[in-house]
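Peer 1: Attaching a predicted model along with its sequence, questions to come.
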2 protein chains.
Amino acid sequence: MDEAVASGGSPTLDEVARLAGVSRATASRAINGGSRVSARAQEAVADAVRRLGYTPNPAARSLVTRRTDSVALVVPEPDERVFSDPFFARTLHVVTRELSAHDLQVVLLIASPGEQEQRMLRYLRGHQIDGAIVVSHHRRDSLADHLAALGLPCVFIGRPWTSADRVSYVDTDNVAGGRGATRVLLERGCRRIGTVAGPADMSPGRDRLEGWRQAMAEAGLEADAVVHGDFTEESGGSACAALLDAHPDLDGLFVASDLMAAGALRTLAARGRRVPHDLAVTGHDDLGIAERTDPPLTTMRNPIAPMAEEAARLLLDQLDSSDRRAPRRVVFSPALVRRDSA
Amino acid sequence: MDEAVASGGSPTLDEVARLAGVSRATASRAINGGSRVSARAQEAVADAVRRLGYTPNPAARSLVTRRTDSVALVVPEPDERVFSDPFFARTLHVVTRELSAHDLQVVLLIASPGEQEQRMLRYLRGHQIDGAIVVSHHRRDSLADHLAALGLPCVFIGRPWTSADRVSYVDTDNVAGGRGATRVLLERGCRRIGTVAGPADMSPGRDRLEGWRQAMAEAGLEADAVVHGDFTEESGGSACAALLDAHPDLDGLFVASDLMAAGALRTLAARGRRVPHDLAVTGHDDLGIAERTDPPLTTMRNPIAPMAEEAARLLLDQLDSSDRRAPRRVVFSPALVRRDSA
DNA sequence: CCGCTTCTTGGAAGCGCTCCCATAGCATGG
DNA sequence: CCATGCTATGGGAGCGCTTCCAAGAAGCGG
């Protein structure tokens, strides 16, 4: 420590080597894993490092290794509200934890479309990161196309809208989710089941709707009570109102996200429909809010943590095997969580 | 583009210079602002850059400039639940937006105490970032001490528990917040006012409690109905229950955070106390949940976005002026938001 | 027409590191 | 006892960039 202070700037490998009485090359080897280094040299270097408080300069290292040991976590979302979505928050957290555990630095990129997106692409193709994880709400965008073309190791969380066959991704089986949530309603005897669907330009919206359709078809029921929301609480409330107006005889409702379901429950309460007595409701996601609605929501759990972990693992694989393998995908099944709304 | 593909790896400044018919030095000057470069050379370089799709190698640049143009966003929080706290989410978002606008890269550091904290400090003192913004829940920790000692440009969001006089920070005036929230209750005529306080080892917890005490003292009322929670919804509910048991005659309640207030409202509803009729309630923060409680909460708004912007500005100042000025602090006043609970 | 300043330019050093290569040391086997 | 192989080591090149410095070009007043 004292030496470090005395020398002015921060210590370099050269100073470490000199203090340890070895060459710079040996010091470097000792610091990086220490193959082909005698125990004596190893120890001398370790000691010098400790005494100087030496930290390798990552820029210098990266210049020659052509690796930066940092990866981007890309959130291609325009809206700041969406960012406080628990989906992002938890994904961010898990991904960061997993990658940090492998000594990778996580660089957070939040990019609105348009100008920001250009800058983000410029950044990604600059030599600053070794790979990327894209946390997406699967809204229609062209990011996947660009990344696929770039050849940068990357993994999407949430199947991308385009280029889904050219990049690796992890996702939830949203068709199964929609089907499962609808089956719960069928099993408890509902016969007039509507759905508040998500936006048609987002995969989860489309897929959960498809799941609902399949379940209805399997039960031989007509699938005509559909209104689209936009995954916000307000839209869930108004979509539910529209649905009740058009189909007053509804006895079951699958809402494509818990947040929308919360809105729908408010509408139902306001109209005096008792849940689940008069009308049973199921949601999708189970990210916290489902426990706090009144009544607590029966919903399909979106396995975020496992997905995020798997995404990190896939990226790590791509990073060490520099060979460009075929893109891989892992799809998780949502699990039913029974509460009181159905 | 074609040239870039032909040359194999990504283009270097050398290739740009050659294509533009100038020296590497001139090319470098042209790219970095272009002082002391003729218009002709400027244009030739710009053209070459475009044709090659050149991006400067940041590692090489940073090696010589000793700047990395990236800053850390430090979240010293152990608990993943806390991370999905809207306070962090919104702060993160705003800070990232502000710094990105100045072409700074944001590196996200989430560090649990203990081992992780050591690694984080190692990272901060490695030469990877130019500065740091620490988003803290002000829990007692020693991060500020270390950063102050390090001499790295940094700004805290939320006054640090220690070393508050040695680092720059922005914060909300939580004493004023507690006082304001309590005064609302006093003004509507409440006389037996209790408080669900935050943890005593966090500044906002302590300060809001102090604000409540001050307001009570000013009104000449006894300030004895205090129970501490831990800023979770559950703790708010049970603290409220304890308070009601000990002081059945309560007619007003200041809860030190909206999330705890939501729990308190549940308890009150369960016990048949009508809000605000039987007992008026005020919260603190106004981060979204306050609108959705039943009834919607009257609360003190924590001006997160302005705070985050100011923090970014302070950091940018510190970055340009390399002279180590005295630490600066900016304190924001919370604003009353009237809804239905008081 | 000369000496001066001002503007532009290229050569070259060097940021801190890794890694190739040559060399030296040493044990082993024929 | 020498050829052989193996391991540990240091020299040195070079990653891509910025910037100091000196030199050339150009403009201008005397």
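Peer 2: Great, that's in hand. Residues are numbered from 1 along each chain as shown, chains lettered A, B, ... in the order given.

Peer 1: pLDDT on stretch A:209-219, on average?
Peer 2: Stretch A:209-219 carries an average pLDDT of 98.

Peer 1: Any idea how far that stretch is from the middle of the chain?
Peer 2: Put simply, stretch A:209-219 sits 27 Å off its chain's centre (Cα atoms, centre = their mean, to the nearest Å).

Peer 1: How about residues contacting that stretch?
Peer 2: Residues from elsewhere that reach stretch A:209-219, judged by Cβ atoms under 8 Å, 6 or more residues apart in numbering or on different chains: A:174-183, A:186, A:193, A:195, A:197-198, A:200, A:222-223, A:226, A:254, A:256. (C-beta placed from N, C-alpha, C; glycine too.)

Peer 1: Can I have the buried ones of these as a ChimeraX selection?
Peer 2: This is the ChimeraX syntax for the buried subset of the contacts of stretch A:209-219, where burial follows 16 or more other Cβ atoms under 10 Å in any protein chain shown:
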select /A:174,175,176,177,178,179,180,181,182,183,186,193,195,197,198,223,226,254,256
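
Peer 1: Give me the below-cutoff pLDDT ranges for chain A.
Peer 2: The model of chain A has pLDDT under 70 over residues A:1-8, A:78-84, A:113-115, A:322-324.

Peer 1: mind listing what residue A:129 touches?
Peer 2: A:68, A:70, A:71, A:72, A:107, A:123, A:152.

Peer 1: and the residue lying closest to it once chain neighbours are set aside, what are its bridge partners?
Peer 2: Counting by Cβ to Cβ, 6 or more residues apart in numbering or on different chains, residue A:129 lies nearest to residue A:72, which is 4.7 Å off, once chain neighbours are set aside. Bridge pairing for residue A:72 (DSSP bridges) gives the partners residue A:107, residue A:132.

Peer 1: cool, and residue A:253?
Peer 2: residue A:194, residue A:281.

Peer 1: Might you report the residue contacts of it?
Peer 2: So residue A:253 contacts A:185, A:193, A:194, A:195, A:196, A:240, A:243, A:264, A:279, A:280, A:281, A:282 (Cβ under 8 Å, 6+ apart).

Peer 1: Which residues of the stretch 201-342 of chain A lie near DNA strand D?
Peer 2: Residues of the stretch 201-342 of chain A lying close to DNA strand D (Cβ under 7 Å from any atom of the strand): none.

Peer 1: hmm, stretch A:155-172 touching chain B?
Peer 2: No. Applying Cβ under 8 Å from any Cβ of the partner chain, one finds stretch A:155-172 separated from chain B by no less than 15.9 Å.

Peer 1: List the buried residues in stretch A:137-145.
Peer 2: Buried, per 16+ other Cβ under 10 Å, within stretch A:137-145: A:137, A:138, A:139, A:141, A:143, A:144.

Peer 1: Can you check the distance spanned by that stretch, start to finish?
Peer 2: 16 Å (Cα to Cα, to the nearest Å).

Peer 1: For it, what is the distance to the chain centroid?
Peer 2: 14 Å.

Peer 1: next one: phi and psi at the residue of the stretch 151-300 of chain A found nearest DNA strand C?
Peer 2: Nearest residue of the stretch 151-300 of chain A to DNA strand C: residue A:153, at 18.3 Å (Cβ to the nearest atom of the strand). Here is the backbone geometry of residue A:153 (degrees, to the nearest 10): phi -60, psi 130.

Peer 1: how near is it to residue A:134?
Peer 2: In this view, residue A:153 and residue A:134 are 12 Å apart by Cβ to Cβ, to the nearest Å.

Peer 1: what about the strands in chain A?
Peer 2: Taking DSSP state E as the criterion, chain A carries its strands at A:70-75, A:105-110, A:131-135, A:154-157, A:168-172, A:193-197, A:226-228, A:252-255, A:280-285, A:298-301, A:329-332, A:335-337.

Peer 1: Touching the fourth one from outside, list them.
Peer 2: It refers to strand A:154-157. The contact list for strand A:154-157 (Cβ under 8 Å, 6+ apart) reads A:91, A:95, A:131-136, A:144, A:147, A:167-171, A:307-308, A:311-312, A:314-315, A:318.

Peer 1: Cross-check these against DNA strand C and keep the overlap.
Peer 2: Applying Cβ under 7 Å from any atom of the strand to the contacts of strand A:154-157, none is adjacent to DNA strand C.

Peer 1: Restrict those residues to the buried ones and give me that as a PyMOL selection.
Peer 2: Buried members of the contacts of strand A:154-157, defined by 16+ other Cβ under 10 Å, are picked up in PyMOL with:
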select buried, chain A and resi 91+95+131+132+133+134+135+136+144+147+167+168+169+170+171+307+308+311+312+314+315+318
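
Peer 1: Please tell me how far the residue lying closest to residue A:164 once chain neighbours are set aside sits from DNA strand C.
Peer 2: Among residues not flanking residue A:164 along the chain, residue A:144 sits closest, at 7.2 Å (Cβ to Cβ, 6+ apart). Using Cβ to the nearest atom of the strand, to the nearest Å, residue A:144 is found at 32 Å from DNA strand C.

Peer 1: neighbours around residue A:38, how many?
Peer 2: 12 (other Cβ atoms under 10 Å in any protein chain shown).

Peer 1: List the backbone torsions phi and psi for it.
Peer 2: phi -70, psi 150.

Peer 1: quick one: it from residue A:30, how far?
Peer 2: 9 Å.

Peer 1: Check residue A:190 too.
Peer 2: For residue A:190 relative to residue A:30 (Cβ to Cβ), the value is 69 Å.

Peer 1: do the same with residue A:77
Peer 2: Taking Cβ to Cβ, one finds residue A:77 at 45 Å from residue A:30.

Peer 1: Residue A:217 now?
Peer 2: 67 Å.

Peer 1: Which of these two has more residues huddled nearby?
Peer 2: More crowded of residue A:217 and residue A:30, by other Cβ under 10 Å: residue A:30, with 25 against 11.

Peer 1: which residues touch the more buried one?
Peer 2: Residues near residue A:30 by Cβ under 8 Å, 6+ apart: A:20, A:22, A:37, A:41, A:42, A:45, A:46.

Peer 1: how about 7 Å then?
Peer 2: Counting by Cβ atoms under 7 Å, 6 or more residues apart in numbering or on different chains, residue A:30 makes contact with A:37, A:41, A:42, A:45.

Peer 1: List buried residues within those.
Peer 2: Applying 16+ other Cβ under 10 Å to the contacts of residue A:30 flags A:37, A:41, A:42, A:45 as buried.

Peer 1: now the third one: how far from residue A:12?
Peer 2: What it means is residue A:42. Distance, residue A:42 to residue A:12, using Cβ to Cβ: 19 Å.

Peer 1: follow-up on the earlier one: so the residue of the stretch 151-300 of chain A closest to DNA strand C makes contact with residue A:320?
Peer 2: No. With contact defined as Cβ atoms under 7 Å, residue A:153 does not count as touching residue A:320 (9.8 Å).

Peer 1: Same drill for the two, tell me which one is more crowded.
Peer 2: residue A:153 (24 against 9).
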